[in-house]
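S.K.: Next input, structure requested:
(chains A and B)
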Protein chains: 2
Amino acid sequence: MAVVEYDGTEYLGYQIQRIGKTVQGEIEKALQRVTQHRTRILGAGRTDAGVHAKGQVIHFAADWKHTLPDLQRALNALLPADIAVVELQEAMPRFHARYSARSREYVYTIHNGIIRSPLIARWAYHFPRPLDAEAMNQACACLVGEHDFLPFGWIPGGERDRPVTGRGTVRTVLRASCERQGDIVRVTIEADAFLRSMARRMVGNLLLVGAGELTAEQFKGLLQLTHRRLPGVAAPAHGLCLSKVKY
Amino acid sequence: MAVVEYDGTEYLGYQIQRIGKTVQGEIEKALQRVTQHRTRILGAGRTDAGVHAKGQVIHFAADWKHTLPDLQRALNALLPADIAVVELQEAMPRFHARYSARSREYVYTIHNGIIRSPLIARWAYHFPRPLDAEAMNQACACLVGEHDFLPFGWIPGGERDRPVTGRGTVRTVLRASCERQGDIVRVTIEADAFLRSMARRMVGNLLLVGAGELTAEQFKGLLQLTHRRLPGVAAPAHGLCLSKVKY
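M.R.: Numbering: from 1, shown residues only, chains lettered A, B, ... in the order given. This is a model prediction of the structure:
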């Protein structure tokens, strides 16, 4: 298993596609060049186009006669500058990057300053209107727990690809919080699993709370809404980062 | 006068050139579109290709009938995502971005971790070997003061463009320090003015101190060397950022 960090700006997302640059595609290409055989890798989270990762976890089975540090060095030498294998170790028996994961943690970074800041623009969403981070933090609290998160997401791949729990759109949010450090407002959400674009839809609606357009009470009510009727749109991909996967 | 922030990755440097994308060129283009006339801007520091700025200062004279916030908004709407005017105010009489500056502060960021980190790779130089930041900080001390910095730089533009002080390669370093925060090692150097590539050459040789290849005493001796005989090469541009200009 490997922990992978990437700047998702230039990618169509984690998951390989027939056409276009993907994180999975780049890693599989590097693996093939290093091991001289095709290897399919499997990731814990299918991050969308433009989403970053500090702690994406992947697993794969490859033939390799040398040491793991040698493999890691070889991969990092071949991978583009915006992808790196930051950890590599032998997986436990039956380890599965996606199914063995207990939780995923996403961090969404908002730059809450009046003027945009080019040095952080790749990974922080610029939101110039004043945000009440404390109100956002209070609204976060009502996400915690086991809920049907249907209003905040949809099932990956639609009918073909049912969620792994077999329980439709019910997920458990283990932790959700919002904090401010100067101009930076960070939303952290940890859940057993995420529906497609769930994190970004949560943040998009938390921003309405922060901007005073939605009360914490109204935000709580969103969980009762039918699918795709949320007041807020999904927050842009580039603010989102898959920070950690726990096993 | 305006304070300008930019991610220098995609630019040939601050200063306009006949061919190629420059920060000055982009700002002048935006100014021309907004004010409908050509305006030459003048910057406090001519940052090299790939060098970033958080606090570059420019001045210019332009006809503008509306408010300064209007001008700033218009410029930021037209400028590319990697350049922004973060402050804009009327200049004092006889203000000159370069000649009125009392000092420039540069920060050089080193990522001192074993594995490279894609999320910080645009603005932090990856140096995987262990660095003794405290030794680097001690070596910094001998840079402070008025010295002939000829070994660490050369005169911008060679013979044609003499340094503004009229005293050749003598400069005054007001502050130089190095500190570690986790894997990040930051070198901060403030001087009345910098010779061309002086900051990067200082850092390149401080890295030798940090890696144990040069003692602080030997580093001090570098100031006595003849031009271009330094043991260390200039550190790469992408770690450097013009953080502040003081007046």
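S.K.: Name every strand pairing with the longest strand anywhere in chain A and say which way it goes.
M.R.: Taking DSSP state E as the criterion, chain A has its longest strand at strand A:170-181. In the sheet, strand A:170-181 lines up against strand A:145-148 (antiparallel), strand A:184-191 (antiparallel) (DSSP bridges).
S.K.: Which residue is most remote from the mean position of chain A?
M.R.: Taking C-alpha atoms, centre = their mean, the residue of chain A most remote from its mean C-alpha position is residue A:65, at 33.1 Å.
S.K.: ok now do that one, which residues does it touch?
M.R.: If a contact means C-beta atoms under 8 Å, 6 or more residues apart in numbering or on different chains, then residue A:65 has no contacts. For the C-beta atoms, the positions are set from N, CA and C on the backbone; glycine is no exception.
S.K.: Assumed it was part of a strand.
M.R.: No. With DSSP: H, G, I helix; E, B strand; the rest coil as the criterion, residue A:65 is assigned coil and is not in a strand.
S.K.: Please tell me how far it sits from residue A:35.
M.R.: According to C-beta to C-beta, to the nearest Å, residue A:65 and residue A:35 sit 10 Å apart.
S.K.: which ones are touching the closest residue to residue A:35 other than its chain neighbours?
M.R.: Closest residue to residue A:35 apart from its sequence neighbours, by C-beta to C-beta, 6 or more residues apart in numbering or on different chains: residue A:62 at 4.8 Å. Residue A:62 makes contacts with A:31, A:35, A:37, A:39, A:71, as judged by C-beta under 8 Å, 6+ apart.
S.K.: Let's see if you can find the most crowded of those residues.
M.R.: Counting neighbours by other C-beta atoms under 10 Å in any protein chain shown, residue A:31 comes out on top of the contacts of residue A:62 with 26 neighbours.
S.K.: What is the helix or strand hosting that one packed up against?
M.R.: Following DSSP states H and E, one finds residue A:31 within helix A:23-35. Packing partners of helix A:23-35 (3 or more C-beta pairs under 8 Å, 6 or more residues apart in numbering or on different chains; DSSP states H and E): strand A:2-6, strand A:52-59, helix A:68-78, strand A:83-88.
S.K.: Kindly recompute the last result at 10 Å.
M.R.: Secondary-structure packing of helix A:23-35 (3 or more C-beta pairs under 10 Å, 6 or more residues apart in numbering or on different chains; DSSP states H and E): strand A:2-6, strand A:42-43, strand A:52-59, helix A:68-78, strand A:83-88.
S.K.: Against chain B, how distant is residue A:86?
M.R.: 5 Å (C-beta to the nearest C-beta, to the nearest Å).
S.K.: Now do that residue: how many residues are near it, please.
M.R.: Look at residue A:86: counted by other C-beta under 10 Å, it has 20 neighbours.
S.K.: do residue A:224 as well
M.R.: Around residue A:224 there are 9 residues (other C-beta under 10 Å).
S.K.: In contact with residue A:235: list those residues for me.
M.R.: Residues near residue A:235 by C-beta atoms under 10 Å, 6 or more residues apart in numbering or on different chains: A:108, A:110, A:125, A:127, A:187, A:197, A:199-207.
S.K.: Would you double-check that the residue nearest to residue A:35 falls in a strand?
M.R.: No. Assessed with three-state DSSP, residue A:62 is coil; it does not lie in a strand.
S.K.: now it: how far from chain B?
M.R.: 19 Å.
S.K.: tell me the pLDDT at that residue?
M.R.: Predicted confidence (pLDDT) for residue A:62: 92.
S.K.: How about residue A:233?
M.R.: pLDDT recorded at residue A:233 is 87.
S.K.: Which positions in chain A make contact with chain B?
M.R.: Neighbours of chain B within chain A, by C-beta under 10 Å from any C-beta of the partner chain: A:3-9, A:52-54, A:69, A:72-73, A:76, A:79-88, A:113-123, A:126, A:241.
S.K.: let's see it at 8 Å
M.R.: For chain A, the residues in contact with chain B (C-beta under 8 Å from any C-beta of the partner chain) are A:5-7, A:52, A:54, A:72, A:76, A:81-87, A:115-119, A:121-123, A:241.
S.K.: just to revisit the earlier point, which of the strands paired with strand A:170-181 sits most buried?
M.R.: strand A:184-191 (a mean of 22; mean count of other C-beta atoms under 10 Å in any protein chain shown).
S.K.: pLDDT weak spots in chain A?
M.R.: A:154-167, A:226-228 (pLDDT under 70).
S.K.: Repeat the analysis, applying 90 as the threshold.
M.R.: A:18-19, A:148-169, A:196-197, A:223-233 (pLDDT under 90).
S.K.: is it true that residue A:106 touches residue A:237?
M.R.: No. The criterion here is C-beta atoms under 8 Å, and residue A:106 misses it with residue A:237 at 11.5 Å.
S.K.: Tell me which of those two has more neighbours.
M.R.: Set residue A:106 next to residue A:237 and count neighbours by other C-beta under 10 Å: residue A:106 wins out with 24 against 18.
S.K.: Name the nearest residue to residue A:122, ignoring sequence neighbours.
M.R.: residue A:9 (5.5 Å).
S.K.: what about that neighbour, how many neighbours?
M.R.: Neighbour tally, residue A:9, other C-beta under 10 Å: 17.
S.K.: Could you dump the strands paired with strand A:170-181 into TSV with distance to residue B:211 added?
M.R.: Output for those, formatted as TSV (distance: least, C-beta to C-beta, whole Å):
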stretch	distance to residue B:211
strand A:145-148	51
strand A:184-191	33
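S.K.: Where does residue A:119 sit, in terms of helix or strand?
M.R.: Judged by DSSP H and E, residue A:119 forms part of no helix or strand.
S.K.: which residues sit in contact with it?
M.R.: So residue A:119 contacts B:5-7, B:52, B:54, B:123, B:241 (C-beta under 8 Å, 6+ apart).
S.K.: Keep only those that also lie close to chain A.
M.R.: Within these, those near chain A by C-beta under 8 Å from any C-beta are B:5-7, B:52, B:54, B:123, B:241.
S.K.: measure the residue nearest to residue A:35 to residue A:46 for me?
M.R.: Computed as C-beta to C-beta, the residue A:62 to residue A:46 distance reads 21 Å.
S.K.: same question, residue A:185
M.R.: Residue A:185 is 26 Å from residue A:46, by C-beta to C-beta.
S.K.: Check residue A:55 too.
M.R.: For residue A:55, the distance to residue A:46 - C-beta to C-beta - is 15 Å.
S.K.: before we move on, what about residue A:34?
M.R.: Distance, residue A:34 to residue A:46, using C-beta to C-beta: 24 Å.
S.K.: Then residue A:129?
M.R.: Applying C-beta to C-beta to residue A:129 and residue A:46 gives a distance of 31 Å.
S.K.: Quick check on these two: which one has the bigger neighbour count.
M.R.: Neighbour totals were compared for residue A:129 and residue A:46, and residue A:46 leads with 20 against 11 (other C-beta under 10 Å).
S.K.: Work out for me the element the more buried one sits within.
M.R.: Counting by DSSP H and E, residue A:46 is part of no helix or strand.
S.K.: Wait, it touches residue A:13, no?
M.R.: Yes. Judged on C-beta under 8 Å, residue A:46 makes contact with residue A:13 at a distance of 6.8 Å.
S.K.: give the contact list for the residue lying closest to residue A:132 once chain neighbours are set aside.
M.R.: Nearest residue to residue A:132, sequence neighbours excluded (C-beta to C-beta, 6+ apart): residue A:210, at 5.3 Å. Neighbour list for residue A:210: A:131-133, A:135-136, A:178, A:185 [criterion: C-beta under 8 Å, 6+ apart].
S.K.: Tell me the backbone dihedrals of residue A:241, please.
M.R.: When read as degrees, to the nearest 10, the backbone of residue A:241 gives phi -140, psi 130.
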